[in-house]
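Student: no sequence on this one, just coordinates:
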């Protein structure tokens, strides 16, 4: 049992094997039967206490391997003019990864928290391994990583690749201790457990999303209150819903402010050239190299991965929840918004990104989607001008949040992409990046594999199209 959680919390209960089913006498937390979606009233989709920072000793070799990668300050394999000693250092570390013992995950299966930590550690090791390779080398993930990572991922029902939850939700600790269960962590009392680089820029990039998640708890609270009022459905309830929607708009505006605040601590050139490449998935590999999982045949229960996008803001359950609650998901999650220009594109990108969320959070979104009294229907049937205006104000707030995302993309991806990557000897970056926005029609890949700019424009415009006309 995890000592920071109550004994009756479902994450402290014996965990069912996903390949076998729930144990007798325990709730099946893989379905809605448990009625617990791992959404905390203080921290939302983030855990109420810092995630485990270390696996038990039986898996210490994984932790030490990750420690070594960080201590050695491994460099991206495609860094221009990478010195010979850096190439040798990276290859020495990768050789160690290939030689470590392939560990069993059997005793991890009883703990959701330890499985999450294992996914975090193994995912980070894999990304260090893949992205420190020379650019012309094939991507072959060795069995000591392949087998436990795919087995852990099967248990968690997650792809075997770093996700938003690995980088943000389960990648934090407190700078200063706080009393357990007292309050949510202060937004300025967070630091990251794991980074690819030794830069404060990378830490600020992850923490800016963590602050949005924590501030978004107010949105989740308002959504619950509004659903309760909708159940009553009388004139007083309609007036209250109107006021709550206006408050929800203010919360979304705060989320927008927090999103734009990443500019205060994360330099665009450092992010694009030195941080972002580390968490690319196979979908966004500029050389389109296939990722080969060596040794997968040793476990006949494993299936070859088909989802290998990297972490993406599109994997935040918070924004999906607001979309679903407002009923704009039928626009922003349209089947035509695949994030790809090809005719063989996968399903709607934002729907696909839900596969990368913790499964309990996916269950929460499914539960929210099944609300018998959808807010948008209530608004359209009420013939109440004040409610209509308040609803549209909230929809516009989400559209403006996506406008802010476009600004961040312009600053952190479009501008830096137009300049060559600095060599390893370059330590300074240009301070005038904001002059290089240009137009946003450049074909760039997001870390989730999207045709980034077109996709973000389309989602933003479809969200704006969800505004209801006045009668």
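Tutor: That came through, no problem. Quick caveat: nothing in here was measured; it's all calculated off a predicted structure.

Student: going forward, measure contacts and count neighbours with C-alpha atoms only.
Tutor: Will do.

Student: For this structure, which segments are assigned as strands?
Tutor: Secondary structure of the chain (DSSP state E): strands at 139-141, 172-174, 190-192, 291-293.

Student: TSV for those, including mean neighbour count, mean pLDDT and distance to residue 362?
Tutor: Below are these laid out as TSV (neighbours: other C-alpha atoms under 10 Å; pLDDT from 0 to 100; distance: least, C-alpha to C-alpha, whole Å):
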stretch	mean neighbour count	mean pLDDT	distance to residue 362
strand 139-141	19	98	28
strand 172-174	20	96	22
strand 190-192	19	97	24
strand 291-293	17	98	26
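
Student: So which of the ones you listed is nearest residue 38?
Tutor: Set against residue 38 and scored by C-alpha to C-alpha, the strands of the chain come closest in strand 172-174, at 17.0 Å.

Student: packing partners for that closest one?
Tutor: Using 3 or more C-alpha pairs under 8 Å, 6 or more residues apart in numbering; DSSP states H and E, the elements in contact with strand 172-174 are strand 190-192.

Student: what's the strand it packs on packed up against?
Tutor: For strand 190-192, the elements it packs on are strand 172-174, helix 200-215, judged by 3+ C-alpha pairs under 8 Å, 6+ apart.

Student: Walk me through which strands it pairs with, and which way each runs.
Tutor: Next to strand 190-192 in the sheet, as set by DSSP bridges, lie strand 172-174 (antiparallel).

Student: Any chance you could list what contacts the strand it pairs with?
Tutor: Identification of contacts with strand 172-174 by C-alpha atoms under 8 Å, 6 or more residues apart in numbering yields 50-51, 185, 189-193.

Student: got any ranges where this structure has weak pLDDT?
Tutor: In the predicted model, the chain carries pLDDT under 70 at residues 1-35, 180-182, 331-347, 421-453, 455-456.

Student: thinking again about what came up before, rebuild the strands of the chain as TSV, extending it with distance to residue 376.
Tutor: Formatted as TSV, the strands of the chain follow (distance: least, C-alpha to C-alpha, whole Å):
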stretch	distance to residue 376
strand 139-141	47
strand 172-174	36
strand 190-192	36
strand 291-293	43
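
Student: possible to save the helices and strands packed on strand 190-192 as a markdown table with distance to residue 255?
Tutor: Below are those laid out as a markdown table (distance: least, C-alpha to C-alpha, whole Å):
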| stretch | distance to residue 255 |
| --- | --- |
| strand 172-174 | 19 |
| helix 200-215 | 6 |
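
Student: which one of the ones you listed lies closest to residue 221?
Tutor: Closest approach to residue 221 among these (C-alpha to C-alpha): helix 200-215, 10.9 Å.

Student: and that closest one, what other elements does it pack with?
Tutor: strand 190-192, helix 235-260.

Student: which parts of that helix are buried?
Tutor: Residues of helix 200-215 classed as buried: 201-215 (neighbour count, 16 or more other C-alpha atoms under 10 Å).

Student: now the angle between helix 235-260 and it, please.
Tutor: If you take axes from the mean of the first three to the mean of the last three C-alpha atoms, to 10 degrees, helix 200-215 sits at 180 degrees to helix 235-260.

Student: got a list of contacts for helix 200-215?
Tutor: Here helix 200-215 has contacts from 42-46, 167-169, 184, 187, 190-192, 195-196, 251, 254-255, 258-259, 261-262, 265-267, 270-271, 275, 318, using C-alpha under 8 Å, 6+ apart.

Student: ChimeraX command to pick out the buried ones of these?
Tutor: To isolate the buried subset of those in ChimeraX, counting by 16+ other C-alpha under 10 Å, use the following:
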select :42,43,44,45,46,167,168,169,184,190,191,192,195,196,251,254,255,258,259,262,266,267,270,271,275,318
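
Student: Hmm, residue 268 and residue 411 touching each other?
Tutor: Yes. Counting by C-alpha atoms under 8 Å, residue 411 touches residue 268, with 6.3 Å between them.

Student: neighbour count winner among the two?
Tutor: Taking other C-alpha atoms under 10 Å, residue 411 and residue 268 do not tie; residue 268 has more neighbours (27 against 22).

Student: Next one: the more buried one relative to residue 262, how far apart?
Tutor: 10 Å (C-alpha to C-alpha, to the nearest Å).
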